[in-house]
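turn this into a structure:
(one chain, ligands or ions: 1)
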Amino acid sequence: MEALKCKDVIVEFLADYLDRTLPPELTEEVERHLRGCAACMAYLNTYRRTRDLVGRHAAQGGMPDEMKGLLRRFMVERMARQAP
Ligand SMILES: [Zn+2]
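Below is the predicted model of the structure:
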């Protein structure tokens, strides 16, 4: 499998990774990328913090889809701005 790009990690896999619904081989790929990528680690931490915050207020755990979409768009936009 080809190495993941930041966009792949953030757009495709991050939410599932945190929900632990990614297949093991993809989890491994994401973790490998995260270890070598400070930018994605920062996004991961932001995502996790936001989700925890939301989770505390939500009746049942988990992030509402609306919030997921919002956060994802925020990340993609930031990523686009940082791209060379
Ligand atoms: Zn990255």
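
how about the longest helix along the chain: buried residues?
Ranked by residue count and defined by DSSP state H, the top helix of the chain is helix 38-57. The neighbour-count check on helix 38-57 (16 or more other Cβ atoms under 10 Å) flags Cys40, Tyr43, Leu44, Tyr47, Thr50, Arg51, Val54 as buried. From N, CA and C alone the C-beta is placed, and that goes for glycine too.

state the phi and psi torsions of Leu4.
When read as degrees, to the nearest 10, the backbone of Leu4 gives phi -70, psi 150.

from Glu28, how far off is it?
In this view, Leu4 and Glu28 are 11 Å apart by Cβ to Cβ, to the nearest Å.

among these two, which residue is more densely surrounded?
The residue with more neighbours, out of Leu4 and Glu28 and counting by other Cβ atoms under 10 Å, is Leu4; that gives 19 against 12.

hang on, isn't the more buried one packed against Glu29?
Yes. Contact status for Leu4 versus Glu29: in contact at 5.4 Å, counting by Cβ atoms under 8 Å.

list the residues that contact both of the two?
Phe13 (Cβ atoms under 8 Å, 6 or more residues apart in numbering).

buried residues in stretch 5-25?
Neighbour-count burial for stretch 5-25 flags Cys6, Asp8, Val9, Ile10, Phe13, Leu14, Ala15, Tyr17, Leu22 (criterion: 16+ other Cβ under 10 Å).

what do you get for stretch 26-36?
Those would be Leu26, Glu29, Val30, His33, Leu34, for stretch 26-36 by 16+ other Cβ under 10 Å.

what's the closest non-adjacent residue to the first one?
In other words, Leu26. Counting by Cβ to Cβ, 6 or more residues apart in numbering, the nearest residue to Leu26 once its immediate chain neighbours are dropped is Phe13, at 6.2 Å.

kindly report the same for the fourth one.
Setting aside the residues directly before and after it, His33 is nearest to Leu4 in space (Cβ to Cβ, 6+ apart), at 4.6 Å.

now do Leu14
Once its chain neighbours are removed from consideration, Leu14 has its nearest residue in Tyr47; the separation is 6.1 Å (Cβ to Cβ, 6+ apart).
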